[in-house]
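K.L.:
For reference, the sequence and a predicted model appear below.
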Amino acid sequence: MGAGGTLHAPASAPTPARHQRTAPVHPGAWWLWALALGTAATRTTNPLLLALLVTVSAYVVITRRPDAPWSRSYGAFVKLALAVLLIRLLFTTLLGSPIPGTHTLVTLPEVPLPDWAQGVRLGGRVTAEGLTFALYDAMKLATLLICVGAANALANPSRLLKSLPGALYEMGVAVVVALTFAPNLIADVQRLRAARRLRGRHDKGVRGLLQVGLPVLEGALERSVALAAAMDARGYGRTARVPAPVRRTTAALTLGGLLGICAGTYGLLTAAGGTYGIPVLLAGVAAAFGGLWLGGRRTVRTRYRPDRWDARAWLVTASGVAVAALLFLAAARDPAALHPGVVPLSAPTLPLWPAAAVLLGLLPAFVAPAPGPAPRTAVKEPS
């Protein structure tokens with residue numbers, strides 16, 4: 001209270017403008033950004049461009065990842081990507097490669113196979129060209145996995161579920177539960193390993209993982225039962241009464257829209273369907289949105305403080321879409337730069353303007369708000 005009896009607002013009270021600047025970015029924008037980077041990775045096998053895509057996503061994750069249990073799964077996706085690389089190289093070494101090569105690295109003992117297994121071999125000559133081709137191809141899948149891991153580390157799954165349209169609520173719950181499986185599993189393993197270290201028990205190696213597996217499985221089952229009870233208490237799966245013509249129209253629009261999206265996407269990916277790809281895709285998207293709008297009338301649920309799709313969400317999404325679109329254009333204009341050859345064996349070169357296009361993916365690191373400090377639990381003083 002002031003000198004004249006005037007009440008003053010606390011200095012720490014956030015204003016609406018300040019809240020909008022510090023509010024987190026819409027989770028759907030993070031997923032669209034990450035999936036667009038993953039789509040860009042599918043258009044090239046150049047290891048330098050793929051490494052640049054991984055670097056861009058990792059920098060955004062490091063600078064904008066919140067301190068939450070569900071955001072700690074990025075390292076697991078990186079380890080999974082490395083495992084994909086090693087497995088692909090191992091298979092190429094043992095089973096051979098269709099790529100002809102002249103630089104022999106090692107010759108393994110070859111196992112004779114029956115006549116019906118022609119085209120398949122076990123052991124034999126391992127060439128540098130075959131391993132290089134396998135490495136380029138595996139890096140594409142590894143980059144896609146890392147981009148998905150970036151989306152898991154940046155997007156809050158509960159806020160993503162709240163932002164889905166009503167027609168996709170049941171499907172969205174199942175998807176969100178599936179997406180949170182890996183972060184929750186990793187958090188449980190870290191918590192149990194820390195507890196074992198505090199008790200002076202072994203927590204590394206195969207033996208430590210086996211002893212941690214049973215408590216993790218028990219925790220997953222308890223979480224599943226609690227989730228099922230919470231979903232039933234909130235009326236999961238209950239729908240409103242809708243006339244039969246509306247239901248049939250919803251099904252026709254949704255099914256027709258999905259078929260149109262598939263046909264339009266196929267047309268865009270093939271050379272012969274370039275003329276009809278975009279119109280069919282747009283018609284399919286419009287029909288699918290119409291079906292979702294009608295289907296939302298069957299879901300009787302409300303939203304509490306839904307996330308707003310603001311200008312920052314548009315910028316985050318646009319940066320990823322721009323990277324994907326420019327790499328699509330580069331793959332059409334200069335396919336040799338984005339798909340370096342391995343016969344004859346030569347070092348890959350970094351194309352300049354596709355590399356500059358990949359750097360557009362760094363925009364979320366500057367437009368998204370920095371993550372705030374982790375909330376601290378208040379300690380109650382003894383009375």
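P.N.:
All right, it came through fine. Residues are numbered from 1 along each chain as shown.
K.L.:
So for the residue nearest the centre of the chain, what's the pLDDT?
P.N.:
For the chain, Val148 is the residue whose C-alpha lies nearest the centre (Cα atoms, centre = their mean; 2.0 Å). At Val148, the predicted lDDT confidence score is 91.
K.L.:
how close does it get to Asp310?
P.N.:
Going from Val148 to Asp310 by Cβ to Cβ, to the nearest Å gives 24 Å. To be clear about C-beta, it is placed using only N, CA and C from the backbone, and glycine gets the same treatment.
K.L.:
can you give me the strands in the stretch 101-250 of the chain?
P.N.:
104-111, 122-127 (DSSP state E, counting those that start in this stretch).
K.L.:
Could you give the number of residues near the closest residue to Tyr276 other than its chain neighbours?
P.N.:
Closest residue in space to Tyr276, ignoring its immediate chain neighbours: Gly267 at 5.4 Å, by Cβ to Cβ, 6 or more residues apart in numbering. Neighbourhood size, Gly267 [other Cβ atoms under 10 Å]: 19.
K.L.:
and Gly267, how far is that from Leu327?
P.N.:
Taking Cβ to Cβ, one finds Gly267 at 19 Å from Leu327.
K.L.:
Count residues in the vicinity of Ser319, would you?
P.N.:
Neighbours around Ser319, by other Cβ under 10 Å: 25.
K.L.:
mind listing what it touches?
P.N.:
The contact partners of Ser319, taken as Cβ atoms under 8 Å, 6 or more residues apart in numbering, are Trp33, Leu360, Gly361, Leu362, Leu363, Pro364.
K.L.:
quick one: Thr92 from Pro344, how far?
P.N.:
19 Å.
K.L.:
Can you give me the end-to-end span of stretch 98-107?
P.N.:
Using Cα to Cα, to the nearest Å, one end of stretch 98-107 lies 16 Å from the other.
K.L.:
And it, how far out from the chain middle?
P.N.:
On the basis of Cα atoms, centre = their mean, to the nearest Å, stretch 98-107 sits 36 Å off its chain's mean C-alpha point.
K.L.:
Average pLDDT for it, rounded please.
P.N.:
The model assigns stretch 98-107 a mean pLDDT of 82.
K.L.:
quick one: contacts of it?
P.N.:
Contacts of stretch 98-107 (Cβ under 8 Å, 6+ apart): Gly124, Arg125, Val126, Thr127, Ala128, Glu129, Gly130, Leu131, Phe133, Val342, Val343, Leu345.
K.L.:
Quick check: of these, which lies closest to Val189?
P.N.:
For the contacts of stretch 98-107, the closest approach to Val189 (Cβ to Cβ) belongs to Leu131, at 33.2 Å.
K.L.:
wait, doesn't the closest one sit right on Thr92?
P.N.:
Yes - counting by Cβ atoms under 8 Å, Leu131 touches Thr92, with 6.0 Å between them.
K.L.:
Show me the shaky parts of the stretch 151-300 of the chain.
P.N.:
The stretch 151-300 of the chain contains residues with pLDDT under 70 at 161-183, 202-203, 205-210, 224, 228, 231-232, 234-242, 268-275, 277, 295-300.
K.L.:
Now with 90, please.
P.N.:
152-300 (pLDDT under 90).
K.L.:
What segments of it are helices?
P.N.:
Counting by DSSP state H, counting those that start in this stretch, the stretch 151-300 of the chain has helices at residues 157-162, 169-179, 181-198, 205-233, 244-269, 277-295.
K.L.:
relative to helix 244-269, how tilted is the helix or strand just after the last one?
P.N.:
Going back to what we said before, that points to helix 277-295. Next in sequence after helix 277-295, counting helices and strands by DSSP states H and E, comes helix 311-333. Relative orientation of helix 311-333 and helix 244-269, computed by axes from the mean of the first three to the mean of the last three Cα atoms, to 10 degrees: 50 degrees.
K.L.:
Which strands or helices does the helix or strand that helix 311-333 is followed by pack on?
P.N.:
Once helix 311-333 ends, the next helix or strand along the chain (criterion: DSSP H and E) is helix 335-338. Packing partners of helix 335-338 (3 or more Cβ pairs under 8 Å, 6 or more residues apart in numbering; DSSP states H and E): helix 311-333.
K.L.:
Mind listing what's buried along the helix it packs on?
P.N.:
312-313, 315-324, 326-328, 330-331 (16 or more other Cβ atoms under 10 Å).
K.L.:
out of Thr92 and Pro344, which sits in the more crowded spot?
P.N.:
Using other Cβ under 10 Å as the criterion, Thr92 and Pro344 rank with Thr92 on top: 21 against 9.
K.L.:
check contacts around Leu145.
P.N.:
Phe77, Leu80, Ala81, Val84.
K.L.:
how does it look with 10 Å?
P.N.:
Gly38, Ala41, Phe77, Val78, Lys79, Leu80, Ala81, Leu82, Ala83, Val84 (Cβ atoms under 10 Å, 6 or more residues apart in numbering).
K.L.:
And for Leu360?
P.N.:
Applying Cβ under 10 Å, 6+ apart, the residues near Leu360 are Val56, Ala318, Ser319, Gly320, Val321, Ala322, Val323, Leu326.
K.L.:
would it count as being in a helix?
P.N.:
Yes - looking at Leu360 with DSSP: H, G, I helix; E, B strand; the rest coil, it is inside a helix.
K.L.:
Just give the closest residue to Ala128, not the sequence neighbours.
P.N.:
His103 (4.0 Å).
K.L.:
Likewise for Leu281?
P.N.:
Gly264 (2.6 Å).
K.L.:
The residue nearest to Tyr276 contacts Leu282, correct?
P.N.:
No - Gly267 lies out of contact with Leu282 (Cβ atoms under 10 Å); the separation is 11.4 Å.
K.L.:
Alright, that wraps it up for me.
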